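Peer 1: 3D model of this:
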Amino acid sequence: MKSLVGFATLSSALFFAFAGCSPSVDTPNELTGESVNDVALADNATAANDSYNFQCASDYLVPGIELPAGPGFHLITMAWNRDHLEAGGTFNVDPNACGLDAFGDRTICTKMAVQASDMRVSLLAEKTGYRAYTIEGRPHGSTVAYSTLPLRLVTIAAQGQEPPQMRLLVINPDQTIARLIGMH
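Peer 2: The predicted structure is shown next:
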């Protein structure tokens, strides 16, 4: 009986963890030919308000990412309003180091605080089916000026049967790409 209660608790925790890293229920299933940021909600004007309607996250990153300012991180999540990209969004970096089991699943993790930040993105470049955005951030709820981060968000339109994709690029000071992170 004890294990059934533990399983029920774990199942609900996993449900909420995965639900937070996916498009909202109002997000259309078909994004063919569009970048993730360009698709409007399907006939739902009330959902296009100031709330975020798209979220994504990286997998656990080994090794972690070190940024010039602020803590490094092993996991990043991002959220924004797809209809009003200029309104910005939020991102959270998780600096916690975790042990991994034989399957790559996280086991014991440190207990450092996840850092929340406000995010602003600006179109940097585009080519057919691709858009690259610079990312600026500041502490969540702060009024200090945004600072440019060495990160770039790239959206890739759906191609054929492939769904749209996103990747996060970690940029070196000389503007070369240091690391490529798949976002889902």
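
Peer 1: where in this structure is pLDDT low?
Peer 2: 1-52, 69-71 (pLDDT under 70).

Peer 1: Give the bridge partners for Ile156, please.
Peer 2: Note on Ile156: beta-bridge partners Tyr130, Gln165, judged by DSSP bridges.

Peer 1: which residues sit in contact with it?
Peer 2: Residues near Ile156 by C-beta atoms under 8 Å, 6 or more residues apart in numbering: 35, 129-130, 164-167. (Glycine included, C-beta is placed from N, CA and C.)

Peer 1: Same check on Leu124?
Peer 2: Going by C-beta under 8 Å, 6+ apart, Leu124 touches 132-134, 152.

Peer 1: Could you measure from Ser142 over to Pro173?
Peer 2: Separation of Ser142 from Pro173 (C-beta to C-beta, to the nearest Å): 25 Å.

Peer 1: Of the two, which one has the most company?
Peer 2: Each of Ser142 and Pro173 has its neighbours counted (other C-beta atoms under 10 Å); Ser142 has more, 11 against 8.

Peer 1: Hmm, Ala116 and the more buried one touching each other?
Peer 2: No - applying C-beta atoms under 8 Å, one finds Ser142 not in contact with Ala116, separated by 10.3 Å.

Peer 1: Which pair of the contacts of Leu124 spans the longest distance?
Peer 2: Greatest spatial distance among the contacts of Leu124 (C-beta to C-beta): Ala132 and Thr134, at 7.9 Å.

Peer 1: Please indicate which of the contacts of Ile156 are buried?
Peer 2: Among the contacts of Ile156, the ones that count as buried by 16 or more other C-beta atoms under 10 Å are 35, 164-167.

Peer 1: Distance to Gly104 for these - can I get that in TSV?
Peer 2: As requested, the buried ones among the contacts of Ile156 are arranged in TSV below (distance: C-beta to C-beta, whole Å):
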residue	distance to Gly104
Ser35	30
Pro164	25
Gln165	21
Met166	21
Arg167	20
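
Peer 1: now, which of those residues sits nearest Ala97?
Peer 2: Arg167 (23.4 Å).

Peer 1: Against Glu136, how distant is the closest one?
Peer 2: Noted for Arg167: a distance of 18 Å to Glu136, by C-beta to C-beta.

Peer 1: Cool, thanks, signing off.
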